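K.L.:
Predicted structure and sequence below. I'll ask about it afterward.
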Amino acid sequence: MAEKKNFLRKYTLRLIGVILLIFVLSRMDWPSLGKALQAVSIKSLLLVIPLFLLMFPVKSLRWFYILRTQRIGISGGQAFGYYTSAIYWGLMTPGKLGEFIKVYYLSARGISTGKAVFSVLVDRGVDVFFLLILSVVGVMQLLNILTWTLAVVLIVVSAVIFMVFCKYIKVILKKSAPLITKIAKKLKKDTNPEAFLEELNQDIDRFTPGKLGIILVVSFLSWVVYVVPLYYLGTMLRLDISAPQLVIGILLSSGISMLPISIGGVGTRDSFLILYLGQYGILKEKAVVFSLMFVYMYVVAIIFSWLVYVSHKDTQRSTKGEIE
């Protein structure tokens, strides 16, 4: 009964996005919207696909490096298959929790729950870290207080926070142990809490600042290959704003899309872009068309990740995959 209530609550929240979308569409000037759509080039839509799809191998490379650091022995191809398949389920489930299906894939290969969960937490944690920093930059831009001095200060503060996190991660882990163990037991009911936490401690020792630095560099590249196609599509629509303003709009839109109050950011992202681009004198119809570019990329991601998922089903066989 409780699970049913949670399910209903999650999907009821997503109605907020639908309501916002209906409100946005009700205020559209349809002739202006049609004119804005005329700027969309089929050639441009096709050209950005290969660059956008680079995000999948780049992100799977990051996870592969995390696994190798943990001394988990799977091939790069298997990591790509598992990661991309997990993205498919992440896109299709509330809050992107479907990405934790990687834990099941690794468990099927004989990898312990502790190692599997930790690899996912590191992978997702780095993305959240980047998104938080980039969101702060975006808010500064919105408030017109972003300067080179503040940018340098932000970078320094972020670096300090990162180093402190690396130094005191075991303390953070100890404080978070009940929550992490709860997640692990939900994923695998026979999880031994003591063994689980011991494995986490062992893996943490393997993640030196240098290795975490490499993970951050690869994460930065993944954000680049995500932003560039959308930036190109924004220029295709002739959005009359500067490059930094457009990039910040893309990043903030991505953060808004992650809120659990819509499906794929539909409605919430449209509303945000209308407000954000509107302050630069861009018509709401153009903002909605630009939001459609995000939906287009979302659909491309679903199709590609689904194809990979289907073709990699046979790699989910249970095989021991930990380096001795």
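P.N.:
Looks like it came in fine.

K.L.:
What is the least confident helix or strand in the protein?
P.N.:
Ranked by mean pLDDT, DSSP states H and E, the weakest helix or strand in the chain is helix 2-13, scoring a mean of 54.

K.L.:
Counting by contacts, list what the helix or strand just after that helix packs against.
P.N.:
Where DSSP states H and E defines the elements, the next helix or strand beyond helix 2-13 is helix 15-26. When contacts are defined as 3 or more CB pairs under 8 Å, 6 or more residues apart in numbering; DSSP states H and E, helix 15-26 sits against helix 268-278. In short, each C-beta sits where N, CA and C put it, glycine included.

K.L.:
And the helix or strand following the helix it packs on, what's buried?
P.N.:
Once the chain leaves helix 268-278, the next helix or strand it forms, by DSSP H and E, is helix 284-311. Within helix 284-311, the residues scored as buried using 16 or more other CB atoms under 10 Å are 284-294, 296-298, 300-301, 304-306, 308-309.

K.L.:
helices or strands next to helix 284-311 in the packing?
P.N.:
Here helix 284-311 touches helix 30-37, helix 42-53, helix 55-69, helix 76-92, helix 209-236, helix 243-257, helix 268-278, going by 3+ CB pairs under 8 Å, 6+ apart.

K.L.:
Compute the distance from the centre of the third one to the centre of its chain.
P.N.:
Just to be clear, that refers to helix 55-69. 14 Å (CA atoms, centre = their mean, to the nearest Å).

K.L.:
before we move on, what about the first one?
P.N.:
Chain-centre distance of helix 30-37: 31 Å, with CA atoms, centre = their mean.

K.L.:
Now do the buried residues in it.
P.N.:
Of all the residues in helix 30-37, those buried under the rule 16+ other CB under 10 Å are 33, 36.

K.L.:
and it, what other elements does it pack with?
P.N.:
Contacts defined by 3+ CB pairs under 8 Å, 6+ apart place helix 30-37 against helix 284-311.

K.L.:
quick one: the helix it packs on to helix 209-236, angle?
P.N.:
With axes from the mean of the first three to the mean of the last three CA atoms, to 10 degrees defining the directions, helix 284-311 sits at 130 degrees from helix 209-236.

K.L.:
where does the residue positioned nearest the centre of the chain land in three-state SS?
P.N.:
Nearest to the mean C-alpha position of the chain, counting by CA atoms, centre = their mean, stands D127 at 6.2 Å. Following DSSP: H, G, I helix; E, B strand; the rest coil, the label given to D127 is helix.

K.L.:
give me every residue that touches it.
P.N.:
Neighbouring residues of D127 by CB atoms under 8 Å, 6 or more residues apart in numbering: S219.

K.L.:
repeat for the one 3 residues further on
P.N.:
Listed by CB under 8 Å, 6+ apart, the contact set of F130 reads 216, 219-220, 223.

K.L.:
Same question for Y226.
P.N.:
By CB under 8 Å, 6+ apart, Y226 lies in contact with 52, 55, 254.
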